[in-house]
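Visitor: all I have is the shape, not the residue letters:
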Ligand SMILES: NC(=O)N[C@@H](CC(=O)O)C(=O)O
Ligand SMILES: [Zn+2]
Ligand SMILES: [Zn+2]
């Protein structure tokens with residue numbers, strides 16, 4: 001039994017840092033765990049231009065505690081009207097590393113998202129030409145489609161036509177939750193990859209309803225059946241370089257999670273590597289964690305691996321029940337519970 005694991009310093013390829021006082025509260029957690037993170041642009045208003053991304057990046061670095069090193073990798077929020085030139089500016093900036101698709105209405109702060117991808121083809125062509133990765137929240141928004149099927153239907157209705165029309169576009173299928181998505185990413189031709197969260201590796205949809213409704217397990221895409229969880233575990237431990245770590249840590253105030261119409265998102269930035277270690281350990285695949293957490297992401301994004309290393313130790317750690325979030329509080333996933341691993 002492995003009790004200590006030292007790996008190259010990992011990165012988080014899908015993270016919500018928010019803004020203002022909330023940003024200042026959550027940033028140290030991610031910076032303690034990860035060298036870099038792809039920072040999601042779904043602020044209010046969204047980060048749609050390179051100029052806005054530059055300003056957001058400065059706000060992040062301004063509240064980074066001086067003893068921590070952390071590089072925010074910025075993204076732009078694609079709208080129906082993002083001009084092709086904005087992609088050239090983004091590429092030239094050196095700090096914008098991807099462009100994000102939020103199908104309008106699919107998730108938190110997606111109202112300004114894309115209503116029809118065909119409106120964006122001129123812009124996507126420039127992304128394809130410049131090698132700018134396209135990060136996709138892969139769920140259809142058609143309310144006639146069952147919520148548990150929205151990811152699988154997205155493959156048929158959006159992913160296949162898009163990749164037929166733009167075969168060289170680099171695409172990351174974000175936070176995949178189904179065996180359909182895992183199989184698609186494993187076998188598709190061309191530059192396709194996926195991020196996988198810790199919570200989708202550890203839990204199936206029963207977790208949301210154990211003994212009553214448990215809103216801190218509600219995120220989008222929603223947790224799926226056990227067979228899908230197992231397919232995700234198989235994919236990330238298979239040795240395929242197409243899968244990499246993306247926590248999708250998404251802070252919401254406690255009062256908006258524990259609510260009649262609660263927000264979607266799980267907060268895992270505090271204990272992300274511990275949760276991934278638990279998932280890989282359960283699968284008997286701790287030896288695969290380093291590639292997933294520290295090698296596959298930089299390879300896809302054409303960035304160097306981090307310098308330095310981190311060590312995870314098998315030792316019980318009781319998580320705080322609540323954490324500050326600006327002037328309010330948030331409940332981390334597994335808040336108040338004891339987990340098996342700890343990042344030293
Ligand atoms: N994952 C979530 O449930 N929520 C994310 C948005 C997202 O990544 O879809 C958020 O910003 O809160
Ligand atoms: Zn999303
Ligand atoms: Zn997200």
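Guide: Arrived safely. Owing to the predicted nature of the structure, the values given are computational and were not obtained by experimental measurement. Ligands and ions are numbered 1, 2, ... in the order given.
Visitor: what's around the residue of the stretch 201-344 of the chain found nearest ligand 2, how many residues?
Guide: Going by Cβ to the ion, ligand 2 is nearest to residue 220 of the stretch 201-344 of the chain, at 6.0 Å. For every residue, glycine as well, the C-beta is placed using N, CA and C. A count of nearby residues for residue 220, using other Cβ atoms under 10 Å, gives 21.
Visitor: quick one: the strands in the stretch 151-300 of the chain?
Guide: Along the stretch 151-300 of the chain, the stretches classed as strands by DSSP state E, counting those that start in this stretch are 171-173, 192-196, 243-245.
Visitor: would TSV of those with mean neighbour count and mean pLDDT be doable?
Guide: Shown next, in TSV, are the strands of the stretch 151-300 of the chain (neighbours: other Cβ atoms under 10 Å; pLDDT from 0 to 100):
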stretch	mean neighbour count	mean pLDDT
strand 171-173	26	98
strand 192-196	25	99
strand 243-245	27	99
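Visitor: in CSV: those strands, plus distance to residue 183.
Guide: As requested, the strands of the stretch 151-300 of the chain are arranged in CSV below (distance: least, Cβ to Cβ, whole Å):
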stretch, distance to residue 183
strand 171-173, 11
strand 192-196, 11
strand 243-245, 12
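Visitor: show me the contacts for residue 13.
Guide: If you count contacts by Cβ atoms under 8 Å, 6 or more residues apart in numbering, residue 13 has them with 37-38, 172, 195, 244-246, 297, 301.
Visitor: circling back: among the strands of the stretch 151-300 of the chain, which comes closest to residue 95?
Guide: Ranking the strands of the stretch 151-300 of the chain by proximity to residue 95 (Cβ to Cβ) places strand 171-173 first, at 17.9 Å.
Visitor: returning to that earlier point: what two of the contacts of residue 13 are the furthest from one another?
Guide: Distance extremes for the contacts of residue 13: the farthest pair is 37 and 172 at 13.8 Å, using Cβ to Cβ.
Visitor: got phi/psi on the residue in the chain that ligand 2 sits nearest to?
Guide: Proximity of the chain to ligand 2 (Cβ to the ion) peaks at residue 137, 3.7 Å away. Dihedral pair for residue 137: phi -80, psi 100, per degrees, to the nearest 10.
Visitor: so what's the backbone phi/psi at residue 341?
Guide: Main-chain dihedrals, residue 341, degrees, to the nearest 10: phi -120, psi 160.
Visitor: count the neighbours of it for me.
Guide: By other Cβ under 10 Å, the residues close to residue 341 number 22.
Visitor: check residue 214 too.
Guide: Using other Cβ under 10 Å, the number of residues around residue 214 comes to 13.
Visitor: same question, the one 10 residues further on
Guide: The number of residues packed near residue 224 is 24, by other Cβ under 10 Å.
Visitor: does it touch residue 204 like I think?
Guide: Yes: the criterion here is Cβ atoms under 8 Å, and residue 224 meets it with residue 204 at 6.6 Å.
Visitor: could you give the average pLDDT over stretch 133-150?
Guide: Averaged over stretch 133-150, pLDDT sits at 97.
Visitor: buried set for that stretch?
Guide: Neighbour counts over stretch 133-150 (16 or more other Cβ atoms under 10 Å) mark 133-141, 145, 148, 150 as buried.
Visitor: quick one: which of those sit in helices?
Guide: If you go by DSSP state H, those have residue 150 in helices.
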